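Asks: Sharing a model that was predicted from the sequence below.
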Amino acid sequence: MSKRTFKTYIHKVLRYYFISVAALIILLCVLSWILGIYIDGIEGILTERGLRWVFSNSIENFRSVPLAEMILGFIALSVLRESGIQHSYPFHNSLKLKRAFQITAICCVVFISIITLLLFLPSAILLSAFGTIENSPFIKGLFGTIVLLCVIAGNVYGYTSGRFVTLDDFIRAHTNIFSSITSYFILLFLSSQLMGCLQYTEILAITGDNGIILHCFEFILYYIPLVFYLLLL
């Protein structure tokens, strides 16, 4: 399968995702309205109370999406991609690029060493109050630390390789990826409304669900499309 054919296939899958989420929202509205008439505990979306909830909570539903983590992750991917580090050593023979890779590797080792020292020095400020990894600042900030490491690597390599020269180059490197994934945030908004409606209607209570099905929906709606978008980059 060629790269172009593969991307065409991914785009088609994503279109079906949009259609499916929209269809499920409509289906849930109708189904909750009908079941709400006959089953106690089911809240109908199309009732007066349900419509008031929709208008009051559309933004609140969107806030439930881990947007901060996603945006930071995309920034890290963007700067790595724009720096060209993915095409670096050992796949080139340029002395300048080899040195850029070596300098970047040294910076990453220094950063990781600092984090390690903060974990194992006598003061161990990144450990919890009980001296453990569990519930420690290190674990709570692990994702941010990984993002920072990626941003440092991308910026150092981009600068030392000559790809980032001006301030505009640095800014553009951190934001270029967003033009390719704008539709993902639209899909996230629709998916968050579906998730919010599922919780409001309590329609999953019919199945005796204790939250597992809801978490499965969250994974399917939020993270599987994310994988498809990453495959398009």
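Replies: Now that the structure is in, tell me what you want to look at.
Asks: and the gap between the residue positioned nearest the centre of the chain and Tyr229?
Replies: Geometric centre of the chain, nearest residue: Met70, 3.0 Å, by Cα atoms, centre = their mean. Here Met70 is placed at a distance of 10 Å from Tyr229 (Cβ to Cβ, to the nearest Å). In short, each C-beta sits where N, CA and C put it, glycine included.
Asks: pLDDT wise, what is the residue nearest to the centre of the chain at?
Replies: If you check Met70, the pLDDT there is 93.
Asks: try Asn210
Replies: 69.
Asks: doesn't Pro225 make contact with the residue nearest to the centre of the chain?
Replies: No. Met70 is not in contact with Pro225 according to Cβ atoms under 8 Å; the separation is 11.2 Å.
Asks: ok, back up a step: leaving out the residues flanking it, which one is nearest to the residue nearest to the centre of the chain?
Replies: Leu226 (7.4 Å; Cβ to Cβ, 6 or more residues apart in numbering).
Asks: Dump the helix or strand harbouring the one you found to PDB, restricted to CA.
Replies: Using DSSP states H and E, Leu226 falls within helix 224-232. Output of helix 224-232 as PDB, limited to C-alpha atoms (Å, rounded to 0.1, in the frame of the first residue of the first chain):
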ATOM      1  CA  ILE A 224      -8.300   6.000  18.700                       C
ATOM      2  CA  PRO A 225      -8.900   9.000  16.500                       C
ATOM      3  CA  LEU A 226      -5.800  10.500  18.000                       C
ATOM      4  CA  VAL A 227      -3.800   7.500  16.700                       C
ATOM      5  CA  PHE A 228      -5.300   8.000  13.200                       C
ATOM      6  CA  TYR A 229      -4.400  11.700  13.200                       C
ATOM      7  CA  LEU A 230      -0.800  10.900  14.300                       C
ATOM      8  CA  LEU A 231      -0.500   8.400  11.400                       C
ATOM      9  CA  LEU A 232      -1.300  11.300   9.000                       C
END
